[in-house]
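Novice: Build me a model:
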Amino acid sequence: MRGLAPTIEAASDVAAPLLPSGPLHLVRPQPATRVIAGSVPDPLLSSRSRGWNGLTLELHSFQELDTVVQPLDHVIAVHLAGNVNLHQTRNGRTRTRKMTPGEIAITPEGPPTRWQQSGHSLVVLLRLSPAYVRTVAGDEFAMDADRLEIQTVFSTRDTFIEDLGRRLLAGLELEGADSHLYVDTLTCELALRLLGRYTTSVMPEMPRATLSSHKLRRVVEYIDENLCNQLTLATMANAVALSPGHFAHAFREATGVAPHRYVLERRVERAKKLLQQSDLPITEIASRVGCSSHSHFSALFSRVTGLTPREFRALA
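Specialist: Now for the predicted structure:
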C-alpha cells in the first residue's frame with residue numbers, strides 16, 4: 001500500500017479548497033469532505049444536485065485506498081458489498097478490521113482521518129450536516145447542542161441504519177416533490193437514530209407526541225390545500241405546532257401510514273378526480289398535484305395505479 005507524504009498532524013495546516021459551484025443547499029455551506037492527502041474517487045451516484053436538506057448521499061466503489069480526509073459532516077458509511085481490510089487512523093489511534101457487507105462505520109466531523117483499504121468495496125456514504133443534527137437534538141430532545149458529541153464507531157451492525165441507507169439510495173430514483181418528502185422523513189429518522197444510539201452522553205427520552213383529532217384534521221386540510229406545492233416534513237409539522245420527528249411518529253400512529261406515503265396517495269387521488277371530471281391537459285393536472293413534469297407525474301401515477309394517466313382517463 002502506498003504511503004502518504006503528509007502526516008495527519010500536519011494536515012490541519014493545508015488550505016481549504018474553494019467552494020464548488022452549483023445549486024445551493026439549505027444547510028451545506030461547504031464541501032462535505034476536505035481531502036488533505038491522497039485522493040478520493042468520484043462517486044458513482046450522488047444526491048448533491050438534488051438539494052436534499054441536511055443530507056448528501058454518495059455511492060462509492062473503492063479499490064486500493066490510502067487517503068487523509070477531514071470530514072465536515074457526520075459520515076455514516078454503509079458497506080453494501082466486498083470483504084476488505086480497512087484501517088482507520090484518527091486522533092493518533094489506528095483501528096483495523098475486515099469489513100463485510102452490512103457493517104456500518106460512523107465518523108463524526110472533526111480531526112483528519114486516514115483511511116487505508118485493500119480490496120474492492122461498494123459503500124453508501126450518508127453525510128449528515130452537523131447543523132441539521134444539532135437542530136434535531138434541540139427540537140426533538142430539548143438538548144443543548146453545545147453538549148452534543150457524536151461517537152466514532154469504526155464498525156458495527158445496525159440493521160436500522162443499513163435499511164435507511166438502502167432506502168435513501170433507492171430515493172435517488174424518485175423525482176420531484178414526493179422524493180423530497182420521502183428523503184426528508186428518512187433523514188430525520190437517521191438523525192434520531194444517531195442521537196439515540198451514538199452519542200457520548202445519555203440522551204433524554206424523546207417525549208411521546210400524539211395528534212388530537214383537531215390537529216389531524218388541520219394537517220389533512222393543510223396537505224390538501226398545498227398538494228400543488230412542495231410539502232416538507234417541517235412545514236407539515238409547523239401546521240400543528242410539532243417538531244418534525246414528533247410529527248412523523250404521531251402522524252403514523254394516527255393514520256397508519258407515514259406522512260410521505262399519505263401525501264403521495266392524496267396527490268394520486270386528486271389526479272384521478274381531475275382526470276375523470278375535467279378535460280384539463282395532463283401537464284396541467286401534473287402541476288396541480290405538485291409534479292414537476294409530465295414524465296414525473298406519469299411515473300408517479302403508474303407506480304401507484306398500474307396505469308398511465310392517459311390510460312386511466314380512457315377507462316374513466
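Novice: pLDDT score for the residue lying closest to Trp52 once chain neighbours are set aside?
Specialist: Excluding the flanking residues, the one nearest Trp52 by CB to CB, 6 or more residues apart in numbering is Val183, at 5.2 Å. Using the backbone N, CA and C atoms, a C-beta is placed for each residue, glycine as well. Predicted confidence (pLDDT) for Val183: 92.
Novice: Point me to the helix or strand that includes Val183.
Specialist: helix 176-197 (DSSP states H and E).
Novice: Next secondary structure after that helix?
Specialist: Heading towards the C-terminus - elements assigned by DSSP H and E - helix 176-197 is followed by helix 213-225.
Novice: Show me how far that following helix is from its chain's centre.
Specialist: 26 Å (CA atoms, centre = their mean, to the nearest Å).
Novice: what's the answer for stretch 282-290, then?
Specialist: With CA atoms, centre = their mean, you get 27 Å for stretch 282-290.
Novice: Kindly report the same for stretch 133-144.
Specialist: 17 Å.
Novice: Mind listing what's buried along it?
Specialist: 133-137, 139-141, 143 (16 or more other CB atoms under 10 Å).
Novice: Make a markdown table from those residues and add distance to Ala250 and pLDDT to it.
Specialist: Formatted as a markdown table, the buried residues of stretch 133-144 follow (distance: CB to CB, whole Å; pLDDT from 0 to 100):
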| residue | distance to Ala250 | pLDDT |
| --- | --- | --- |
| Val133 | 21 | 93 |
| Arg134 | 23 | 91 |
| Thr135 | 19 | 90 |
| Val136 | 16 | 90 |
| Ala137 | 19 | 88 |
| Asp139 | 14 | 84 |
| Glu140 | 12 | 84 |
| Phe141 | 16 | 79 |
| Met143 | 20 | 76 |
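Novice: Which of those residues fall in strands?
Specialist: Per DSSP state E, strands hold no members of the buried residues of stretch 133-144.
Novice: Closest one of those residues to Leu169?
Specialist: Val133 (20.3 Å; CB to CB).
Novice: ok, and the closest non-adjacent residue to that closest one?
Specialist: Ala191 (5.2 Å).
Novice: One more: Thr94?
Specialist: His87 (6.1 Å).
Novice: element containing that neighbour?
Specialist: strand 84-90.
Novice: In the next helix or strand after that strand, which residues are buried?
Specialist: Next along the chain after strand 84-90, taking DSSP H and E as the criterion, comes strand 93-99. Using 16+ other CB under 10 Å as the test for burial, strand 93-99 gives Met99.
Novice: Quick one: list the elements packing against strand 93-99.
Specialist: Counting contacts by 3 or more CB pairs under 8 Å, 6 or more residues apart in numbering; DSSP states H and E, strand 93-99 packs against strand 84-90, strand 153-157.
Novice: So for that strand, mean pLDDT?
Specialist: 92.
Novice: Low-confidence stretches in this protein?
Specialist: By pLDDT under 70, the low-scoring segments of the chain are 1-32, 175-178, 203-207.
Novice: let's see it at 50
Specialist: Applying pLDDT under 50 to the chain picks out residues 1-30.
Novice: Next, name the residue at the spatial heart of it.
Specialist: Centroid-nearest residue in the chain, with CA atoms, centre = their mean: Thr187, separated by 3.9 Å.
Novice: check contacts around that one.
Specialist: Contact partners of Thr187, counting by CB atoms under 8 Å, 6 or more residues apart in numbering, are 52-55, 128, 132, 168.
Novice: For this protein, which segments count as strands?
Specialist: 33-37, 45-46, 55-62, 65-71, 74-81, 84-90, 93-99, 103-107, 113-118, 121-128, 153-157.
Novice: Would you reformat the ones you listed as a markdown table and include distance to Ala299?
Specialist: Output for those, formatted as a markdown table (distance: least, CB to CB, whole Å):
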| stretch | distance to Ala299 |
| --- | --- |
| strand 33-37 | 32 |
| strand 45-46 | 18 |
| strand 55-62 | 20 |
| strand 65-71 | 35 |
| strand 74-81 | 25 |
| strand 84-90 | 36 |
| strand 93-99 | 36 |
| strand 103-107 | 31 |
| strand 113-118 | 37 |
| strand 121-128 | 23 |
| strand 153-157 | 35 |
